[in-house]
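K.L.:
model the structure of this input:
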Amino acid sequence: MDARAPAPGGVPAHGPAAVTAPAPDTGADETSEPGRAAAGSRRAEEAGPRSGAPARAALLVLADGRFPAGGHAHSGGAEAAVKSGRIRDAHGLEQFCRGRLHTTGLTAAAIAAAAALGLDPLELDVAADARTPSPALRASGRKLGRQLMRAARATWPSPGLDALSRAFPKGAHQPVVLGLLARAAGLGPEDAAHCAAYETIGGPATAAVRLLSLDPFEATAVLARLAPDTDDVACRAVAAAHRAAELGTDALPAASAPLLDITAEQHAAWPVRLFAS
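P.N.:
Numbering: from 1, shown residues only. Have a look, this model is predicted:
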């Protein structure tokens, strides 16, 4: 399916792709110093606030673990992995997080980047659903999306977020909401991808501290060691988002983690549990 051009406010138009007007001719040679300055100024103006330095602060707010998006109630599969003995210590946590990052993390980061890039959020939600075979994970993904939407509309209100909320009153998939939130906050697809990738490992690391009484310094060291992988996944996710803008959402990655799907279904049936997922 073809990506649709976004309408004002980040809501894609249901129609032909929008045509961007050519940039005005300044008469300056872009190879000269004045020409380079004029070209840079024009590109910054065309890019909008997402290219400006103030967006860095917005990224810090969005990536802050204290941002009230409800993620503290979810372990990202860590609770089931601890019970089964697959996470016993910091080494096990690192292996678990690395596997999650390169599978579900890559998929979520690409969807978030695509939403921030301006692809149709309704199509992206369908793509997220198709890439989440576990009913329990689909339910938790939408619950997280609904909670994130509440925080998003309170912090960075936008017509795009309002439209998505109306389309999915019970919650859109969290990466889709994250991407639109990043766009509303003046951030770009790279920022959205980094937030999604980091959330993939940050949640399990925090949960492991509570589940195993793991030293918080050790858990943080795990996240630091995974920083190069996180950057790599975010970079691949952004590249996939740009491909999807040209080829449609089928071009988005669909990296699978069958064991996470299986244990999510088992975890959902537990009569007593510390985390929602």
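K.L.:
what are the ranges of the helices in the stretch 101-250 of the chain?
P.N.:
Taking DSSP state H, counting those that start in this stretch, the helices of the stretch 101-250 of the chain run over residues 106-117, 121-130, 135-155, 159-167, 174-184, 189-212, 216-225, 227-247.
K.L.:
tabulate those in a markdown table, adding columns for distance to L259, mean neighbour count and mean pLDDT.
P.N.:
To be clear about C-beta, it is placed using only N, CA and C from the backbone, and glycine gets the same treatment. As requested, these are arranged in a markdown table below (distance: least, CB to CB, whole Å; neighbours: other CB atoms under 10 Å; pLDDT from 0 to 100):
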| stretch | distance to L259 | mean neighbour count | mean pLDDT |
| --- | --- | --- | --- |
| helix 106-117 | 15 | 31 | 97 |
| helix 121-130 | 19 | 21 | 97 |
| helix 135-155 | 12 | 20 | 93 |
| helix 159-167 | 31 | 18 | 95 |
| helix 174-184 | 21 | 30 | 96 |
| helix 189-212 | 14 | 25 | 95 |
| helix 216-225 | 19 | 15 | 96 |
| helix 227-247 | 19 | 19 | 97 |
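K.L.:
I'd like to know which of those helices is closest to A268.
P.N.:
Closest to A268 of those, according to CB to CB: helix 135-155, at 3.9 Å.
K.L.:
by contact count, what packs against the closest one?
P.N.:
If contacts are counted by 3 or more CB pairs under 8 Å, 6 or more residues apart in numbering; DSSP states H and E, helix 135-155 sits against helix 159-167, helix 174-184, helix 258-268.
K.L.:
for I87, find the nearest of these.
P.N.:
With CB to CB as the criterion, I87 lies closest to helix 258-268 of these, at 11.3 Å.
K.L.:
so where is the stretch 1-150 of the chain shaky, pLDDT-wise?
P.N.:
1-54 (pLDDT under 70).
K.L.:
thought H102 was touching A255?
P.N.:
Yes: if you go by CB atoms under 8 Å, H102 and A255 touch, sitting 6.8 Å apart.
K.L.:
which phi and psi does D215 have?
P.N.:
phi -60, psi 120 (degrees, to the nearest 10).
K.L.:
just G188 next, same as before
P.N.:
Backbone torsions for G188, taken as degrees, to the nearest 10, come to phi -110, psi -180.
K.L.:
just to revisit the earlier point, as a markdown table, the helices of the stretch 101-250 of the chain with distance to E265 would be great.
P.N.:
Below are the helices of the stretch 101-250 of the chain laid out as a markdown table (distance: least, CB to CB, whole Å):
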| stretch | distance to E265 |
| --- | --- |
| helix 106-117 | 18 |
| helix 121-130 | 16 |
| helix 135-155 | 5 |
| helix 159-167 | 27 |
| helix 174-184 | 19 |
| helix 189-212 | 18 |
| helix 216-225 | 26 |
| helix 227-247 | 25 |
